[in-house]
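Visitor: return atomic coordinates for the entry below.
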Amino acid sequence: MLSNDITESLVEQVSEALGHESPLVIEGGGSKAFYGYPQSADLQRLHTVEHCGVIDYSPDELVIHVRAGTPLSEVKQLVRDNGQMLAFEPPDFGGNATIGGVIASGLSGPRRPYAGAARDFVLGLTLITGAAEVLTFGGQVMKNVAGYDVSRLVTGALGTLGVILDVSLKVLPAPELEVTRTIAVARHEFQALLQSMGRHIPISAAAHEDGYLSIRVSGSEMAVTAALGKLAGEEKENAYWDQLNNLDYFVDASELWRVSVAPGSGAMLEEAALVDWGGGLRWVSEPEVCPRKKLAGEGHATLMKYNARFLDSGLDIFQPLGEPLAGIHQRLKQQFDPAGIFNPGRMYRDF
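Guide: Numbering: from 1, shown residues only. Have a look, this model is predicted:
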């Protein structure tokens, strides 16, 4: 089936669901089905995996335009073959991730504090709205409406604002050399150490666990070699960052909180099983610990893994929104999906 035919088929599914007021669950590779509230098995699925393929790739311009159903692994390999990378390091959670899911989840990896978040690399996208309209936002095309950068709004919205059809992404040159070293350092000391290192070492990832700080140094061969001469510790496999990014270290955790704070904050520092993003991300895997009770407004916490006990507790998976932010979210949902047919209850219980 040609891409235009697939687009028409997806639009038709949305139109039919709208006519019957029948909610749709948008699915790509299914790698992030665990993320957000569970979707009822009784709801109709709208699958995007057949809407795949690279539309355009201009290595000289550092831009790739790709359909939503395209496997993340294929895109990473393509840009890698051209000496480039997706600098926000999206996780693949088992290898089934698609580009649409990458953008819908908005998750970024260990390089995020040093290169930017997923939304920082989205140049534009095409969306099927809840009115069964196909609209393109960003880049050299239709201007965004109502003062919003729609491409960034859709990034991380978990499909609640529409069906992503294709995305234009900025890519960056891959570093000539990357080396990871690990250093013994206490939890309460590593952030100050990182701050002093950052002045003369090109750090691209930093995480602390079990009394050790792991640092990835990236850049030209000359710059990395020079930096390593100033850096103590033992070398570690770079595969560590992929394992961390894909939550391999928490496969046995029954509950897992992802706590985002300002680097240097002491909130949930000692309770964290692992600290990533140079101190800005704390992973808490103790079931009896609810980080929101201890953050006191210093950050936000998302439950990445949960069980039936949690679903019965009445707690929110995502950080509850206060006003006026909650009102803005509701109005955006109403504007893009007035009938509420896309992924109902995926992000918030009530819409």
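Visitor: where do the strands of the stretch 151-300 of the chain begin and end?
Guide: Taking DSSP state E, counting those that start in this stretch as the test, the strands found in the stretch 151-300 of the chain are 163-170, 172-173, 177-184, 203-209, 212-219, 234-236, 256-261, 274-276, 281-284, 299-305.
Visitor: contact partners of the second one?
Guide: When contacts are taken as Cβ atoms under 8 Å, 6 or more residues apart in numbering, the neighbours of strand 172-173 outside the stretch itself are 62, 83-85, 87, 115. Heads up, the C-betas are built off the backbone N, CA and C, glycines and all.
Visitor: just the buried ones from these?
Guide: By neighbour count, with 16 or more other Cβ atoms under 10 Å, the contacts of strand 172-173 hold 84-85, 87, 115 as buried.
Visitor: could you redo these as a markdown table and give each row distance to V14 and secondary structure?
Guide: Formatted as a markdown table, the buried ones among the contacts of strand 172-173 follow (distance: Cβ to Cβ, whole Å; DSSP: H, G, I helix; E, B strand; the rest coil):
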| residue | distance to V14 | secondary structure |
| --- | --- | --- |
| Q84 | 34 | strand |
| M85 | 34 | strand |
| A87 | 32 | coil |
| A115 | 35 | helix |
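Visitor: what pLDDT does the closest residue to A206 other than its chain neighbours get?
Guide: Of all residues not flanking A206 in the chain, G278 sits nearest, at 4.2 Å (Cβ to Cβ, 6 or more residues apart in numbering). Confidence at G278, expressed as pLDDT, is 95.
Visitor: likewise for S168?
Guide: You'll see S168 listed with a pLDDT of 97.
Visitor: mind listing the helices for the stretch 1-150 of the chain?
Guide: 3-19, 72-81, 99-105, 112-115, 150-154 (DSSP state H, counting those that start in this stretch).
Visitor: quickly compare those and say which is most buried.
Guide: helix 99-105 (a mean of 28; mean count of other Cβ atoms under 10 Å).
Visitor: same for it, what does it pack against?
Guide: helix 72-81, strand 163-170 (3 or more Cβ pairs under 8 Å, 6 or more residues apart in numbering; DSSP states H and E).
Visitor: contacting residues around the worst-scoring helix or strand of the chain on mean pLDDT?
Guide: Every helix and strand in the chain was compared by mean pLDDT, DSSP states H and E; the lowest is helix 308-311, with a mean of 72. Residues outside helix 308-311 that contact it (Cβ under 8 Å, 6+ apart): 38, 255, 287, 303.
Visitor: got a list of contacts for the following helix or strand past that helix?
Guide: Beyond helix 308-311 on the C-terminal side, the first helix or strand identified by DSSP states H and E is helix 325-336. Helix 325-336 is contacted from outside by 127, 129-130, 146, 148, 153, 160-162, 321, 340, 348, 351, using Cβ under 8 Å, 6+ apart.
Visitor: same thing but 7 Å
Guide: 129-130, 153, 160-162, 321, 351 (Cβ atoms under 7 Å, 6 or more residues apart in numbering).
Visitor: same check, this time on stretch 285-298
Guide: 250, 253-257, 259, 261, 265, 267-268, 271, 273, 284, 301.
Visitor: what is the nearest of these to L194?
Guide: Closest to L194 out of the contacts of stretch 285-298 is S265 (13.6 Å), distances taken as Cβ to Cβ.
Visitor: check contacts around the residue most central in space within the chain.
Guide: For the chain, the residue sitting closest to the mean C-alpha position, by Cα atoms, centre = their mean, is L107 at 0.8 Å. By Cβ under 7 Å, 6+ apart, the residues touching L107 are 90-91, 118.
Visitor: any chance of TSV for those residues, columns distance to L177?
Guide: Shown next, in TSV, are the contacts of L107 (distance: Cβ to Cβ, whole Å):
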residue	distance to L177
P90	22
P91	23
A118	25
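Visitor: ok, the residue in the chain sticking out farthest from the centre to D5 distance?
Guide: Here the chain has its C-alpha centre computed as a mean, and the residue farthest from that point, by Cα atoms, centre = their mean, is G229 with 33.8 Å. According to Cβ to Cβ, to the nearest Å, G229 and D5 sit 58 Å apart.
Visitor: count the neighbours of the closest residue in space to V79 that isn't next to it in sequence for me.
Guide: Nearest residue to V79, sequence neighbours excluded (Cβ to Cβ, 6+ apart): V171, at 5.1 Å. Burial measure for V171: 22 neighbouring residues, criterion other Cβ atoms under 10 Å.
Visitor: quick one, domains of the protein?
Guide: Following the assignment in automatic domain parsing, the chain carries domains at 3-173+331-336, 176-253+255-306.
Visitor: just these: most buried one?
Guide: domain 3-173+331-336 (a mean of 19).
Visitor: strands of the stretch 1-150 of the chain, start to end?
Guide: For the stretch 1-150 of the chain, the strands defined by DSSP E, counting those that start in this stretch cover 24-27, 44-47, 54-58, 63-67, 84-85, 122-128, 134-138.
Visitor: how far out from the middle of the chain is the fourth one?
Guide: Using Cα atoms, centre = their mean, to the nearest Å, we find the averaged C-alpha position of strand 63-67 to lie 17 Å away from the chain's own average C-alpha position.
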